[in-house]
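Engineer: Make a model of this:
(one chain, ligands or ions: 2)
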Amino acid sequence: TYVIAQPCVDLKDKACIDECPVDCIYEGPRKMYIQPDECVDCGACEPVCPVEAIFYEDALPAEWAGYRRADQEVFAPVGSPAGASAAGPLPADHPLVAAEPVREP
Ligand code: F3S
Ligand code: F3S
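Structural biologist: Ligands and ions are numbered 1, 2, ... in the order given. Predicted structure coming up:
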């Protein structure tokens, strides 16, 4: 699966969601999250992110390794809704994201 890392926090450019053929990029309060069971690894989202926040899981920089778990665990309360646009925003960010210092635009 692909993972959305720290550069997305407090930015959420959302160019990525238009590229995803399976609508598996979900919105949290401070970051977008890829549902790992729904992502088909097409990779279309990765090059369009203006801040290079998206990585294949095995290519995540070490400093952001925790984001792999964040993109899994944040879906624990909702499972696999099979479509971000229909499901609407996630109720809360993963604790790792919530703990990031707030970045002003
Ligand atoms: Fe975030 Fe980049 Fe998408 S900033 S919302 S991962 S285009
Ligand atoms: Fe969608 Fe990106 Fe996966 S475009 S299918 S989230 S690699």
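
Engineer: show me what contacts the residue most central in space within the chain?
Structural biologist: Within the chain, one residue has its C-alpha closest to the average C-alpha position: by C-alpha atoms, centre = their mean, that is Y33, at 2.2 Å. Listed by C-beta atoms under 8 Å, 6 or more residues apart in numbering, the contact set of Y33 reads 4, 25-27, 70-71, 74-75, 90, 94. Every C-beta, even on glycine, is put in place using the N, C-alpha and C of the backbone.

Engineer: If it is in a bridge, with which residues?
Structural biologist: Under DSSP bridges, the beta-bridge partners of Y33 are Y26.

Engineer: Tell me the residues of this protein that contact ligand 2?
Structural biologist: Residues of the chain lying close to ligand 2 (C-beta under 6 Å from any ligand atom) are 2, 19-20, 22, 24-25, 34, 39-45.

Engineer: Got a quick PyMOL command for the buried subset of the residues you listed?
Structural biologist: Here the buried members of those are turned into a PyMOL selection, burial being counted by 16 or more other C-beta atoms under 10 Å:
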select buried, resi 2+19+20+24+25+34+39+45
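
Engineer: Of the residues of the chain next to ligand 2, which ones also sit close to ligand 1?
Structural biologist: Restricting the residues of the chain next to ligand 2 to those adjacent to ligand 1 (criterion: C-beta under 6 Å from any ligand atom) removes every one of them.
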